[in-house]
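# just the structure for this:
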Amino acid sequence: MSTSSAKQSLCDYEPLQQCLKANNGDRAKCTKEWDAFQQACQKRKQAEQAARGQSIPAKSECEACKAPPAN
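Numbering: from 1, shown residues only. The predicted structure is shown next:
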């Protein structure tokens, strides 16, 4: 895997993408997938930082996991 694709897929989560596509981007209909995405993203970030010898607070949230602003 190349470095650019590794960075791109850091917080990609296929079930969420599929749910959003099926529901025309309505995240309210994808709550279960959104929660699982946030957990997976956070675990990946923690593992990446642990591999580099860094630590992050337990409640820290990756940028991609944050909810987009409401329209």
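# please make it C-alpha for all contacts and neighbour counts, starting now.
OK.
# for the chain, which segments count as helices?
In the chain, the helices defined using DSSP state H lie at 3-8, 14-22, 31-51.
# including mean pLDDT and mean neighbour count, could those helices go into JSON lines?
Shown next, in JSON lines, are the helices of the chain (pLDDT from 0 to 100; neighbours: other CA atoms under 10 Å):
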{"stretch": "helix 3-8", "mean pLDDT": "42", "mean neighbour count": "9"}
{"stretch": "helix 14-22", "mean pLDDT": "92", "mean neighbour count": "15"}
{"stretch": "helix 31-51", "mean pLDDT": "88", "mean neighbour count": "16"}
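# show me the contacts for the spatially closest residue to residue 33 that is not a sequence neighbour.
Using CA to CA, 6 or more residues apart in numbering and skipping residues adjacent in sequence, the residue nearest residue 33 is residue 16, 5.0 Å away. Contact analysis of residue 16 by CA atoms under 8 Å, 6 or more residues apart in numbering lists 30, 33, 34, 37.
# test my guess that the third one contacts residue 25.
I take that to be residue 34. No. Between residue 34 and residue 25 there is no contact under CA atoms under 8 Å: 11.8 Å.
# what residues are shared contacts of the two?
Common neighbours of residue 34 and residue 25 (CA under 8 Å, 6+ apart) do not exist.
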